[in-house]
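Novice: I would like to see how this sequence folds:
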Amino acid sequence: MFHLYDFLIYCFITAYTPGANNLLSMSNAIRLGFCKSVRFNFGILAGFAIVMSVCTAFSATLYSFLPKVKLVMQILGAAYMLYLAWKVWKSSSELSTDGGKEASFLSGMVLQFANPKIYIYVITAMSLYILPVYHSGAALIGFTAILSLIGASGSFVWALFGAAFCKFFSKHTKLVNAVMAFLLVYCAIALFL
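Specialist: Numbering: from 1, shown residues only. You can find the predicted model right below:
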């Protein structure tokens, strides 16, 4: 059975929690303005799509050849979600905007190949939510596009809100982190229900 709500909660929390993409997008928007930072965010989207496609193919191949690996993937996915919950719970509100990073399309795209968060994001989503239910090429392509759009949307939102989002996190850090951590724990538990 496809757990749509659990899948969406996992995707949005992973996409919208602080990470390299989101912090650099916000930093670029604060330094350069939203319009000049858009190139970087489109680079993130392009890189996301490439990495998502490769990881989807890898996950589908692994899943079809080793169906008994499902429990191992569930355990690893749940452990990663619990780790993310712990990191979110313990994270601070200090966001640095002193980066010399250029806001180019290429730098946003290349960042994705060195960002372990998105590899784990897609492999976890594919192996735990999608592959147990959907196997057709069209479904996998569709979910790859959905994962790419949701994943990259976080960087656009962080850039759009820039300093305002930073102020919100500074003001309500404990509450926001507690809610996100709780939702990640819920997603980890729901994998086994």
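Novice: Can you list the residue ranges for helices in the chain?
Specialist: 4-16, 20-32, 34-65, 70-90, 105-113, 116-125, 137-190 (DSSP state H).
Novice: mean pLDDT lowest for which of the ones you listed?
Specialist: Among the helices of the chain, helix 70-90 carries the lowest mean pLDDT, a mean of 74.
Novice: chain center to that helix, what's the gap?
Specialist: A distance of 13 Å separates the centroid of the chain from that of helix 70-90, by Cα atoms, centre = their mean, to the nearest Å.
Novice: Show me what it is in contact with.
Specialist: 10, 13-14, 17, 63, 120, 123-124, 127-128, 132, 177-178, 180-182, 184-185, 187-189, 191-192 (Cβ atoms under 8 Å, 6 or more residues apart in numbering). Where you see a C-beta, it was placed from the backbone N, CA and C, and this is true even at glycine.
Novice: Buried subset of these, written for ChimeraX?
Specialist: Those of the contacts of helix 70-90 that count as buried under 16 or more other Cβ atoms under 10 Å are selected in ChimeraX with:
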select :10,13,14,17,63,120,123,124,127,128,132,177,180,181,184,185,187,188,191
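Novice: Surely N41 touches G154?
Specialist: No: at 9.9 Å, N41 does not count as touching G154 under the criterion of Cβ atoms under 8 Å.
Novice: of these two, who's got more company?
Specialist: Set N41 next to G154 and count neighbours by other Cβ atoms under 10 Å: N41 wins out with 27 against 23.
Novice: So the more buried one versus G108, what's the distance?
Specialist: Note on N41: its distance to G108, by Cβ to Cβ, to the nearest Å, is 6 Å.
Novice: quick one: common contacting residues for those two?
Specialist: S155.
Novice: What is the neighbour count of K174?
Specialist: 9.
Novice: no no, V157
Specialist: Neighbours of V157 (other Cβ under 10 Å): 16.
Novice: Name the nearest residue to it, ignoring sequence neighbours.
Specialist: Y16 (6.8 Å; Cβ to Cβ, 6 or more residues apart in numbering).
Novice: Surely the one you found and N22 touch.
Specialist: Yes: between Y16 and N22 there is a contact at 7.3 Å, judged by Cβ under 8 Å.
Novice: shared neighbours of these two, which are they?
Specialist: Going by Cβ under 8 Å, 6+ apart, residues that sit against Y16 and also against N22 are G154, W158.
Novice: Tell me which of these two has more neighbours.
Specialist: More crowded of Y16 and N22, by other Cβ under 10 Å: N22, with 22 against 19.
Novice: pretty sure that one contacts S155?
Specialist: Yes: at 5.5 Å, N22 counts as touching S155 under the criterion of Cβ under 8 Å.
Novice: which residues touch the residue nearest to V157?
Specialist: Y16 is in contact with N22, G154, V157, W158, counting by Cβ under 8 Å, 6+ apart.
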